[in-house]
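> Just the structure for this:
(chains A and B, ligands or ions: 4)
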Amino acid sequence: MGTETLKYVISLSEVGKLLGNIKGQGFHVVGPVLADGAIIYDTIHSIEDLPSGYQDEQEGGHYRLKKSTGRRGERDALFRYTVGPSSWKRFLFPPEQKLWKAVREGKSFSIESPKEKPPRYAFFGVRPCEVSALKIQDKVFCNNDFQDKGYAEKRKKSLVIAVNCTRSVSTCFCRSMDTGPKANGGFDLALTEISDGKNHRFIVEVGSKKGSKLLKGIDHTLAERHDLSSAAARVNSAKRAMKRQMPKDAAKILSKNSEHPHWKDVAARCLNCANCTMVCPTCFCSTVEDTTSLSGDVAERWRRWDSCFTVDFSYIHGGPIRRDSAARYRQWLTHKLSSWHDQFGTSGCTGCGRCITWCPVGIDITEEIKALQKGGK
Amino acid sequence: MAKNRKPKLAVWKFSSCDGCQLSLLDCEDELLAVADSVEIAYFLEASRAEIAGPYDISLVEGSITTPHEIERIKKVRAQSRALISIGACATVGGIQALKNYRNVDDLIMTVYAHPEYIDTLTTSTAIADHVTVDFELRGCPINKEQLLELINATLNARKPNVSQHSQCIECKLAGTVCVMVSQGKPCLGPITQAGCGNVCPRCDRGCYGCFGPKETPNPAALSTRMKELGLSDREVKHFYRLFNTGAPAFHDEGNAHE
Ligand code: SF4
Ligand code: SF4
Ligand code: SF4
Ligand code: SF4
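Ligands and ions are numbered 1, 2, ... in the order given. Sure, this is the predicted structure:
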C-alpha cells in the first residue's frame, strides 16, 4: 500500500462490538481459541472466546502455552501469543473435501456436485505472516489458468481482520522474509493491541472499502501521535526479539546444491512424517481418493491433503520417484524456498516457524539452509 | 467371479484374541450390507453353518504358533482366491511374538499347570511367513472402516484406500494438537502407519504403534528424540516391544536399546 492509510483508535469493548457486528452480517467468524493446550483456529461467537492472557513458548519440536501472571497489561491482552498448529488454509482448502459423486443410471451414470453452499468466513486475528500466506495461496489457487473454484469463491467472500504482532517467539523469522511482524496490505482491517494495564485500546488500520464499512457504528477516533508511537514500539519489540533468520539467498543456495552430502545428514534426522507440510500455511498438495458404495452403484471422489514426504506422492507408472527420505526432504525445501519463485513469483515461505515448532524432532529449515551454504557452492 | 452368484467370504482364526474378527461383527449397520453382497460361507464367530470351499475372499486372523497351524494355513490358502491377513497377529506375529525373545520351554513351565499338553513352536510368526498373502490389513485391532473399505474395494475390483503414511498425517487431518510437541509425551506416531482413526492422540495420549511401521520409517531418529524427552533405554525399548514387535523396523530398534 503506497499511501498512508487512515488509522483509528478503538477501545476493547468496541472490538467486542466489531466482532458482534461482523457476526450479525452473517459471517461465520473464525478466530484463535484455546484447545488441548494450544491456540488453534475455530469458530468464535464473541470476544469472550478469545484466549486472553495466554502466551506461547516455542522452540524446535516444542510448544507450551502459559497464562500470564505478569503485569496487568499482559494478563488482559487478547493477542500476546503468536501462531499455533492450525492455519487459515484449513478453511479455504479443507483437509478433506468431496469433489463429486457419480450415480449409476442403467448403463450410464450421472454426476452431482456437492450442494452445500460455502460459508462466508470472517478470519479474525490473522497474523502478518498469515496474511502473506493467504496472498501466496491466492497465487496458487486463484490464478487464471488453473483456478480452484471452491477456494476462490470462499476467498472472495471472506473478511480478513489482521492483528499485528507485539510479541514474537523463538521460531518466528518473518523479519527476514519481509512478511511481519506488521502486516502490509492484504487485510480489510488490521489491529494493533495496546494493552498497558491502563487504557486497553487498539489501533485500527483500514485496508479496504469492506473494512471501512465495518467501522460503521463502532466508536472510533483518529489515532493520535502518541497512540501510533506506542503501537509502533510494541511491534518493534517483536521485531527486535527475533533472532532466527532465513539467509537472503536461500533460493540460490538450494538451486546450486541439489547434490550436497548434507541432504543425507538431514534425512538421518528426518522422520518423513509430513508434519511440516501439514502445518505449513502455504503447502497446497493434495491427492484424490475414489470410493464406492458396496453395490458399486454410487462412487465419490474425495480430495485430501497430501505431502511430498509420502512415498505415494511421487508414485507414477513403475513406482515412486522419490524413494529415499533425502530426496523427499530436498523436494520440500527446494520447492518451498527456490522453485516456488519460478512457479509463482514469490517464496513459498512466510517465516511463520510452524514447520520448526511442529516437527517432532525440531528440524529447522533456516539451519538446514545455513548448513547447505557452509559446505556448498 | 460368476455373475449370478455372490462371492463367498470365509473368516479364519489362528493364534489371536478374536478382536479383529469382532471388528467385522462390530460393523453393525454396514454388516447387513456386507451380508447382502457376499455369502458368508465360513465365520464361526458369527455362525455355526459351514459352507465348503473354495472361497473368493478369506480373511485370516491370528499368527502361526503351532505345527498344526502351519498345515492349516496351507489348506486355507489352497481354498482361497484372495487371502487377506487382518491384524497385528496375522501381519507380524502380534503381542505373542514377545515369546520369540525368550526360551519357550521356560515360558511353558511357568505358565501352564500341565506343560506336557502344550505343543507349540518356538516363535509366533506372520501368515505371510508361511503362505502368499494378497493384502495385509494392519492394526491391533484392525479398524472397521478400513476392513469395510477393503471388502468394498475387493468386491468392486478397485484399489483400496489404505494409506501407508504416518499417524501424524491423521492427527493433522483431524486437527489434533500434537501431544509430543505440546506436552512432551512420547509418541510412536511419526513412524507408525495411519489407519486407526487417530484414537490415541485424540485422547491426549501418544501413539502405541498398533498399526505397525509406516512406509520408510526412521525409528532411530524418533528414539533419539524420546531420550531427549527423558526416557531411559529400557523405556524406549518397551515402546517397540508391543503388538508389532515382530515387524523388522520395530524389532531392530528395540534391540538397539537392549
Ligand atoms: S516453510 Fe515453515 S516457516 Fe515457512 S511458511 Fe511454511 S511452515 Fe512457515
Ligand atoms: S512470524 Fe512474525 S508475523 Fe508471524 S507470528 Fe511470528 S512475529 Fe508474528
Ligand atoms: S522435517 Fe520434521 S516434520 Fe518434516 S517430515 Fe521431517 S521430521 Fe517430519
Ligand atoms: S501426536 Fe504423535 S502422531 Fe500426532 S502429530 Fe504428534 S507425534 Fe505425530
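> Grab the nearest non-local neighbour of residue B:66.
residue B:120 (5.5 Å; C-beta to C-beta, 6 or more residues apart in numbering or on different chains). C-beta: built from backbone N, CA, C; applies to glycine.
> That neighbour reaches residue B:68, doesn't it?
No. With contact defined as C-beta atoms under 8 Å, residue B:120 does not count as touching residue B:68 (9.9 Å).
> Could you look up the SS state of the residue nearest to residue B:66?
With DSSP: H, G, I helix; E, B strand; the rest coil as the basis, residue B:120 sits in coil.
> residues in contact with it?
B:65-66, B:104, B:108 (C-beta atoms under 8 Å, 6 or more residues apart in numbering or on different chains).
> Could you turn the buried ones of the residues you listed into a ChimeraX selection?
This is the ChimeraX syntax for the buried subset of those, where burial follows 16 or more other C-beta atoms under 10 Å in any protein chain shown:
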select /B:65,104,108
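> Figure out the helix or strand that the residue nearest to residue A:88 when sequence neighbours are not counted lives in.
Leaving aside its chain neighbours, residue A:88 sits nearest to residue A:123 (5.4 Å; criterion: C-beta to C-beta, 6+ apart). In the assignment (DSSP states H and E), residue A:123 maps to strand A:121-126.
> thinking again about what came up before, what is the neighbour count of the residue nearest to residue A:88?
Residue A:123 has 24 neighbours, counted by other C-beta atoms under 10 Å in any protein chain shown.
> Over to the one 4 residues further on?
Using other C-beta under 10 Å, residue A:127 has 29 other residues around it.
> Could you check how far the residue in chain B positioned nearest to ligand 1 is from ligand 4?
Nearest to ligand 1, among the residues of chain B, is residue B:172, at 12.3 Å (C-beta to the nearest ligand atom). Computed as C-beta to the nearest ligand atom, to the nearest Å, the residue B:172 to ligand 4 distance reads 7 Å.
> number of nearby residues for that residue?
If we define neighbours as other C-beta under 10 Å, then residue B:172 has 26 of them.
> Surely residue B:234 touches residue B:257?
Yes. With contact defined as C-beta under 8 Å, residue B:234 reaches residue B:257; the gap is 7.3 Å.
> out of those two, which sits in the more crowded spot?
Set side by side, residue B:234 and residue B:257 show more neighbours around residue B:257, with 20 against 9, by other C-beta under 10 Å.
> Could you grab the helix/strand/coil label for whichever residue of the stretch 1-150 of chain A sits closest to ligand 4?
Across the stretch 1-150 of chain A, the shortest distance to ligand 4 (C-beta to the nearest ligand atom) belongs to residue A:85, at 8.9 Å. Following three-state DSSP, the label given to residue A:85 is coil.
> tell me which parts of the stretch 151-258 of chain B are close to chain A?
The stretch 151-258 of chain B comes close to chain A at residues B:151-153, B:155-156, B:158, B:161, B:163-166, B:168-169, B:172-178, B:180-184, B:187, B:189-191, B:204, B:215-218, B:220-222, B:224-225, as judged by C-beta under 8 Å from any C-beta of the partner chain.
> Show me just the buried residues among these.
B:151-153, B:155-156, B:161, B:163-166, B:168-169, B:172-173, B:175-178, B:180-184, B:187, B:189-191, B:216-218, B:221-222, B:225.
> Which of these fall within helices?
Using DSSP state H, the members of these that fall within helices are B:151-153, B:155, B:168-169, B:172-173, B:180-183, B:221-222, B:225.
> Can you list the residue ranges for strands in the stretch 201-350 of chain A?
Secondary structure of the stretch 201-350 of chain A by DSSP state E, counting those that start in this stretch: the strands cover A:201-206, A:221-222, A:286-292, A:298-305, A:315-316, A:319-320.
> contacting residues for residue 26?
In the absence of a named chain, this looks at chain A. Contacts of residue A:26 (C-beta under 8 Å, 6+ apart): residue A:120.
> Not quite, go with chain B.
Contacts of residue B:26 (C-beta under 8 Å, 6+ apart): residue B:144.
> if I look at it, how far off is residue B:244?
From residue B:26 across to residue B:244, the span is 22 Å (C-beta to C-beta, to the nearest Å).
> One more: residue A:297?
38 Å.
> likewise residue B:43?
Residue B:43 is 26 Å from residue B:244, by C-beta to C-beta.
> Mind checking which of those two has more residues around it?
Legend: neighbour count by other C-beta under 10 Å for residue B:43 and residue B:244, higher for residue B:244 (29 against 19).
> I'd assumed residue B:250 was in contact with that one.
Yes. Counting by C-beta under 8 Å, residue B:244 does reach residue B:250; the two are 5.2 Å apart.
> between those two, what contacts are shared?
B:209, B:212-213.
> between those residues, which has the most around it?
residue B:209 (30 neighbours).
> my read: it touches residue B:250, true?
Yes. Using C-beta under 8 Å, residue B:209 is in contact with residue B:250, at 6.7 Å.
> Mind listing the shared neighbours of the two?
B:240, B:242, B:244.
> does residue B:20 sit in a helix, a strand or a coil?
helix.
> That one: neighbour count?
Residue B:20 has 28 nearby residues by other C-beta under 10 Å.
> Check residue A:288 too.
Residue A:288 has 11 nearby residues by other C-beta under 10 Å.
> same check, this time on residue A:97
15.
> Let me know the secondary structure of it.
Residue A:97 is classified as strand under three-state DSSP.
> That one and residue A:305 touch, don't they?
No. Counting by C-beta under 8 Å, residue A:97 stays clear of residue A:305, with 9.6 Å between them.
> and residue B:245, how many neighbours?
Other residues near residue B:245 come to 24 when the count uses other C-beta under 10 Å.
> Identify the residues contacting residue B:196.
Counting by C-beta under 8 Å, 6+ apart, residue B:196 makes contact with B:139, B:143, B:167, B:170, B:210-211.
> Relative to chain A, which of the residues you listed is nearest.
residue B:167 (8.3 Å; C-beta to the nearest C-beta).
> mind checking how far the closest residue to residue A:188 other than its chain neighbours is from residue A:160?
Once flanking residues are discounted, residue A:188 sits nearest to residue A:211: 3.4 Å by C-beta to C-beta, 6+ apart. Going from residue A:211 to residue A:160 by C-beta to C-beta gives 9 Å.
> Please apply the same query to residue A:287.
From residue A:287 to residue A:160 the distance is 29 Å (C-beta to C-beta).
> Those two: which is more packed in?
Neighbour count, other C-beta under 10 Å: between residue A:287 and residue A:160, residue A:160 has more, with 25 against 16.
> what about the more buried one, helix or strand, and which?
Applying DSSP H and E as the criterion places residue A:160 in strand A:159-163.
> burial count for residue 79?
Went with chain A since none was named. Counted by other C-beta under 10 Å, the residues lying close to residue A:79 total 22.
> ah, I was thinking of chain B
Neighbourhood size, residue B:79 [other C-beta under 10 Å]: 16.
> Quick check: phi and psi at it.
phi -100, psi 0 (degrees, to the nearest 10).
> The closest residue to it other than its chain neighbours and chain A: what is the separation?
Of all residues not flanking residue B:79 in the chain, residue B:53 sits nearest, at 3.4 Å (C-beta to C-beta, 6+ apart). Residue B:53 sits 23 Å away from chain A, going by C-beta to the nearest C-beta, to the nearest Å.
> these two touch, right, residue B:53 and residue B:77?
No. Residue B:53 lies out of contact with residue B:77 (C-beta under 8 Å); the separation is 10.8 Å.
> Can you give me the neighbour number for residue 128?
No chain was given, so I picked chain A. 26.
> Chain B is the one I meant
Quick note: residue B:128 (other C-beta under 10 Å) scores 16 neighbours.
> Next, it: secondary structure please.
Assignment for residue B:128 (three-state DSSP): helix.
> Contact partners for it?
Here residue B:128 is in contact with B:85, B:91, B:136 (C-beta under 8 Å, 6+ apart).
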